[in-house]
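1. Please work out how this folds:
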Amino acid sequence: MELFYSKDIEGGVCRLDHDESGHCIKVLRHRCGDEISVIDGGGTLHRCRIVSDSHKEVTAQVLESLRDWGSHPYRLHMAVCPTKNNDRFEWFAEKACEMGFDELSPVIGEHSERKILKTSRVEKILISATKQSLKAAVPVVNEPVSVKEFITGQGGQEDSLKLIAYCFEDEDIPRRSIKEMLKGYQGSEITVMIGPEGDFSKAEAELALQHGFIPVHLGASRLRTETAALTAVSAVYLRYME
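-> Numbering: from 1, shown residues only. Sure thing, here's the model as predicted:
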């Protein structure tokens with residue numbers, strides 16, 4: 001199934017941008033009268049008929065709109081520290097999108113080696129992954145903030161499940177498995193924090209616990225940041241797709 005992406009859909013008319021139009025007309029050889037499927041990034045699939053087949057701007061008439069197309073029965077917010085190798089973070093975002101998540105917050109920790117992240121690159125990757133995995137909602141990518149800023153900004157979410165994964169042990173507050181926490185949770189709003197290569201600092205972990213985060217582990221293996229983040233997404237995906 002071919003999917004195109006457009007934010008310019010209004011009044012029953014859909015317009016594709018220069019890149020999407022070129023792919024539609026030059027590569028896939030669509031012409032006036034052809035029907036195409038367009039996602040708006042907000043969760044709706046639009047069935048459209050091409051009325052102008054310019055390779056610079058395709059215009060199409062909306063025939064039908066299907067809300068919540070390709071959606072999942074949970075809302076997952078991943079707060080992940082950017083990896084030293086930027087390709088690894090982008091790989092995580094792409095694969096996580098294929099399974100299903102809703103929001104990505106790059107967070108900069110005290111032990112982070114990478115302090116800067118270009119969200120525009122991640123956004124393009126997520127659009128492509130959304131189309132490839134047959135979804136209509138593109139995950140939101142927030143601008144990077146510090147771990148402490150993210151934690152203190154998570155107030156007012158009493159019904160959500162907030163988890164933080166770190167490696168060190170605390171005798172007073174033992175970590176529980178993410179599988180166990182998800183199995184016992186009856187809601188659908190989930191936030192998971194994954195630290196940098198050097199892990200969260202003790203101060204960051206303590207602050208998270210003070211703000212309602214629950215410490216979890218992802219199994220016996222020590223995982224890279226991007227692997228840990230994808231493991232968390234997989235755990236949520238499998239929990240709700242049972």
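
2. Now do the buried residues in the host helix or strand of Leu126.
-> Using DSSP states H and E, Leu126 sits in helix 119-132. Buried residues in helix 119-132, defined by neighbour count with 16 or more other Cβ atoms under 10 Å: Val122, Glu123, Ile125, Leu126, Ile127, Ala129, Thr130, Lys131. From N, CA and C alone the C-beta is placed, and that goes for glycine too.

3. how distant is the very next helix or strand once past that helix from the center of its chain?
-> Using DSSP H and E, the next helix or strand after helix 119-132 towards the C-terminus is strand 140-141. Centroid separation for strand 140-141 versus its chain: 7 Å, with Cα atoms, centre = their mean, to the nearest Å.

4. Over to stretch 210-227?
-> How far stretch 210-227 lies from its chain's middle: 18 Å, per Cα atoms, centre = their mean.

5. Return the list of helices and strands in contact with the longest helix seen in the chain.
-> The longest helix of the chain (DSSP state H) is helix 225-240. If you count contacts as 3 or more Cβ pairs under 8 Å, 6 or more residues apart in numbering; DSSP states H and E, helix 225-240 packs onto strand 75-80, helix 86-99, strand 161-165, helix 178-183, strand 189-194.

6. go with 6 Å
-> With contacts taken as 3 or more Cβ pairs under 6 Å, 6 or more residues apart in numbering; DSSP states H and E, helix 225-240 sits against helix 86-99, helix 178-183, strand 189-194.

7. What's the first helix or strand after the first one?
-> Per DSSP H and E, the first helix or strand lying C-terminal to helix 86-99 is strand 103-108.

8. In that following strand, which residues are buried?
-> Leu104, Ser105, Pro106, Val107, Ile108.

9. likewise stretch 16-30?
-> Buried residues in stretch 16-30 (16+ other Cβ under 10 Å): Leu16, Glu20, Ser21, Gly22, His23, Cys24, Ile25, His30.

10. Could you export these as JSON lines, including distance to Glu180?
-> Compiled in JSON lines, the buried residues of stretch 16-30 are given as follows (distance: Cβ to Cβ, whole Å):
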{"residue": "Leu16", "distance to Glu180": "46"}
{"residue": "Glu20", "distance to Glu180": "44"}
{"residue": "Ser21", "distance to Glu180": "49"}
{"residue": "Gly22", "distance to Glu180": "49"}
{"residue": "His23", "distance to Glu180": "45"}
{"residue": "Cys24", "distance to Glu180": "47"}
{"residue": "Ile25", "distance to Glu180": "52"}
{"residue": "His30", "distance to Glu180": "50"}
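
11. among these, which are in strands?
-> In strands, defined here by DSSP state E, there are no members of those.

12. shaky segments in the protein?
-> The chain contains residues with pLDDT under 70 at 156-157, 171, 242.

13. if you set the cut-off to 90 instead, what comes out?
-> Residue ranges of the chain with pLDDT under 90: 1, 154-159, 166-174, 220, 222, 241-242.

14. just to revisit the earlier point, now tabulate the buried residues of helix 119-132 in CSV and tack on distance to Gly184.
-> Output for the buried residues of helix 119-132, formatted as CSV (distance: Cβ to Cβ, whole Å):
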residue, distance to Gly184
Val122, 32
Glu123, 34
Ile125, 33
Leu126, 30
Ile127, 35
Ala129, 30
Thr130, 31
Lys131, 35
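
15. Just flag the most distant two among the residues you listed.
-> Greatest spacing in the buried residues of helix 119-132, by Cβ to Cβ: Val122 and Lys131 (15.4 Å).

16. Out of the buried residues of strand 103-108, the closest to Ser221 would be?
-> Val107 (22.8 Å).
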